[in-house]
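**Q** Here's a sequence, model it:
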Amino acid sequence: MDLFPDGAFVRLRNRAQQTYLHADDDGEGVSLRPHGRVFSLNAVWRVHRVLIDGDTFVLLQGAVYGRYLAIAPGRAPSGYRGSRAVQRDYGASNVGAVMWRPFRMVDDERYISLRHDFDRNLRANGRYRFWHTAVTVDNNEGRWSTMIQWTVGTFQLGPGLPPLPRPTVNLGGRSSLFRRRRPEADERRTIRHVRANDEGDFDQNSDNWPTFPYYGRSVFNLRVQVGARQPGGEVGGGIRLAVRPGLQGRLTPLVTDLPRSVDSMDIVVFNTGSQGAQNLVYPDIP
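**A** Below is the predicted model of the structure:
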């Protein structure tokens, strides 16, 4: 447990594949990806520890979309072992799915396994079929297989939140900051939002929050539209947005474009510079 202090930002690298646990852009899948030119926020996870009936569990919350590493019901697709590892919101209906226990490997304490329930472990795939990059949870017959072993790296807290990416438009194939994109009518999602006070307190019941339909993935445009719906209107950098991934999920600042899924999102609005906004944390990614 010492490798997973509450609130820390970590990355997990598989011992066999030498690739990183990655929250996919669809907001649901989890896969293994190599280290790019710049380390991806999708491969950063925030530790959320909980105590249940005297037992401590580790939850891993994706730093990019705020959703939690979980096990999906049912079997993984053909060619994979066990059940799929996925991203899920954290609420009363799926508490068990997001609970993990880290164990150091006896033969080499640099590596850990992440165990879900009894002897089911988070595992890589693709040892022989390299195109199989999805991550699964499996009752592995090879107890010490390197496919279930992970190294844990940590990040320091960043000095502040980064600026939001500007929206792009597609001008018929030309590369430009303002490329005009095709219509995204099929990408509508419901946004629920609430305004926090300067201390960061807000109405916890999302049934009371106003809603509106939102098209596309731009977090910059989302801030504009949410700001326009605040009393008196808000423009520019006067507000910061955080996503609440389920009633029990910790707030995560929105600093990248939204996932490709059209799942509803619960957004908490903070005044920039307020104590509530300063409580939002971001990893210092090299």
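**Q** now the helices: where do they sit in this structure?
**A** Using DSSP state H, the helices assigned to the chain run over residues 219-228, 275-278.
**Q** For the nearest residue to I285 once chain neighbours are set aside, list the residues it contacts.
**A** Nearest-residue entry for I285: F39, 5.2 Å, with adjacent residues in sequence omitted and distances by CB to CB, 6 or more residues apart in numbering. Every residue, glycine included, has its C-beta placed from N, CA and C. Contact analysis of F39 by CB atoms under 8 Å, 6 or more residues apart in numbering lists 11, 285-286.
**Q** those strands in the stretch 1-150 of the chain, which residues are they?
**A** In the stretch 1-150 of the chain, the strands defined using DSSP state E, counting those that start in this stretch lie at 9-14, 20-23, 30-33, 45-52, 55-62, 68-71, 83-88, 101-105, 108-116, 120-123, 136-138, 150-155.
**Q** now those as JSON lines including mean neighbour count, distance to N94 and mean pLDDT?
**A** Listed next are the strands of the stretch 1-150 of the chain as JSON lines, based on neighbours: other CB atoms under 10 Å; distance: least, CB to CB, whole Å; pLDDT from 0 to 100:
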{"stretch": "strand 9-14", "mean neighbour count": "22", "distance to N94": "21", "mean pLDDT": "97"}
{"stretch": "strand 20-23", "mean neighbour count": "26", "distance to N94": "16", "mean pLDDT": "97"}
{"stretch": "strand 30-33", "mean neighbour count": "20", "distance to N94": "15", "mean pLDDT": "95"}
{"stretch": "strand 45-52", "mean neighbour count": "17", "distance to N94": "13", "mean pLDDT": "95"}
{"stretch": "strand 55-62", "mean neighbour count": "20", "distance to N94": "11", "mean pLDDT": "96"}
{"stretch": "strand 68-71", "mean neighbour count": "26", "distance to N94": "7", "mean pLDDT": "96"}
{"stretch": "strand 83-88", "mean neighbour count": "22", "distance to N94": "6", "mean pLDDT": "94"}
{"stretch": "strand 101-105", "mean neighbour count": "16", "distance to N94": "17", "mean pLDDT": "90"}
{"stretch": "strand 108-116", "mean neighbour count": "18", "distance to N94": "13", "mean pLDDT": "87"}
{"stretch": "strand 120-123", "mean neighbour count": "24", "distance to N94": "16", "mean pLDDT": "92"}
{"stretch": "strand 136-138", "mean neighbour count": "24", "distance to N94": "14", "mean pLDDT": "90"}
{"stretch": "strand 150-155", "mean neighbour count": "18", "distance to N94": "23", "mean pLDDT": "95"}
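**Q** for those strands, which one sits closest to R188?
**A** R188 sits nearest to strand 83-88 of all these, at 20.3 Å, using CB to CB.
**Q** Read off the pLDDT value for F178.
**A** We note a pLDDT of 35 for F178 in this prediction.
**Q** Taking strand 101-105 as reference, get the angle to the helix or strand bottoming out on mean pLDDT in the chain.
**A** Least confident helix or strand, the chain: strand 108-116 with a mean of 87, by mean pLDDT, DSSP states H and E. If you take axes from the mean of the first three to the mean of the last three CA atoms, to 10 degrees, strand 108-116 sits at 150 degrees to strand 101-105.
**Q** how far is strand 108-116 from where the chain is centred?
**A** 21 Å (CA atoms, centre = their mean, to the nearest Å).
**Q** try stretch 31-51
**A** Offset of stretch 31-51 from its chain centre (CA atoms, centre = their mean): 8 Å.
**Q** measure S206 to V255 for me?
**A** In this view, S206 and V255 are 22 Å apart by CB to CB, to the nearest Å.
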